[in-house]
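Student: Sequence first, then the predicted structure, then my questions.
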Amino acid sequence: MEIDLSDDEVGDIADFFKVFGDPTRLKILIALDKSGEMGVGQIAEAASMSQSAISQQLKLLRASRLVKFRKDGRNAIYRLSDDHIHRILSLGIEHYEEML
């Protein structure tokens with residue numbers, strides 16, 4: 001059976017999944033999935049981490065197009081980019097729970 005993707009496409013997809021491999025980024029994504037929208041301070045509180053650590057990871061998540069943000073005055077409010085990210089998280093959690 002032949003893979004219908006180029007090496008570049010496979011590499012891009014692998015990079016996409018690597019973003020999910022970091023515990024801090026995964027905490028952020030799960031928090032946003034549960035809450036819908038959150039500010040940096042709320043995410044930091046939910047993840048029990050500093051705002052600067054969360055901000056660094058949010059920058060990477062934005063660059064990877066896993067989260068979006070909107071401005072609310074001086075604050076940035078973050079959310080998951082789309083339902084695909086929600087489904088990936090849900091499937092990962094479901095798979096983990098089945099392995100227990």
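Tutor: Good, I have the coordinates.

Student: Flag every buried residue along stretch 75-87.
Tutor: Using 16 or more other C-beta atoms under 10 Å as the test for burial, stretch 75-87 gives 77-80, 85. Any C-beta I mention is one placed from the backbone N, CA and C, and that applies to glycine too.

Student: Over to stretch 45-53?
Tutor: 46-47.

Student: what sits up against that stretch?
Tutor: With C-beta atoms under 8 Å, 6 or more residues apart in numbering as the test, stretch 45-53 has contacts from 24, 27-28, 31, 35, 38, 40-41, 44, 54.

Student: Let me know the secondary structure of the residue sitting nearest the centre point of the chain.
Tutor: By C-alpha atoms, centre = their mean, the chain has its centre lying nearest to residue 29, at 3.8 Å. Three-state assignment for residue 29 (DSSP: H, G, I helix; E, B strand; the rest coil): helix.

Student: Measure how buried the nearest residue to it once chain neighbours are set aside is and give me the count.
Tutor: Among residues not flanking residue 29 along the chain, residue 89 sits closest, at 5.9 Å (C-beta to C-beta, 6 or more residues apart in numbering). Residue 89 has 19 neighbours, counted by other C-beta atoms under 10 Å.

Student: about what we covered before: just the contacts of stretch 45-53: which are in strands?
Tutor: Residues of the contacts of stretch 45-53 located in strands (DSSP state E): residue 38.

Student: and of the contacts of stretch 45-53, the nearest to residue 99?
Tutor: Of all the contacts of stretch 45-53, residue 99 sits closest to residue 27, with 19.7 Å by C-beta to C-beta.

Student: Kindly list the longest helix within this structure.
Tutor: Looking across the chain with DSSP state H, the single longest helix is helix 83-99.

Student: hmm, back to that, closest to residue 5 out of the buried residues of stretch 75-87?
Tutor: With C-beta to C-beta as the yardstick, the closest approach to residue 5 among the buried residues of stretch 75-87 comes from residue 85, at 20.5 Å.

Student: my guess is the closest one meets residue 29, correct?
Tutor: Yes - at 6.8 Å, residue 85 counts as touching residue 29 under the criterion of C-beta atoms under 8 Å.

Student: intersection of neighbour lists for those two?
Tutor: Contacts common to residue 85 and residue 29, judged by C-beta under 8 Å, 6+ apart, are 66-67.
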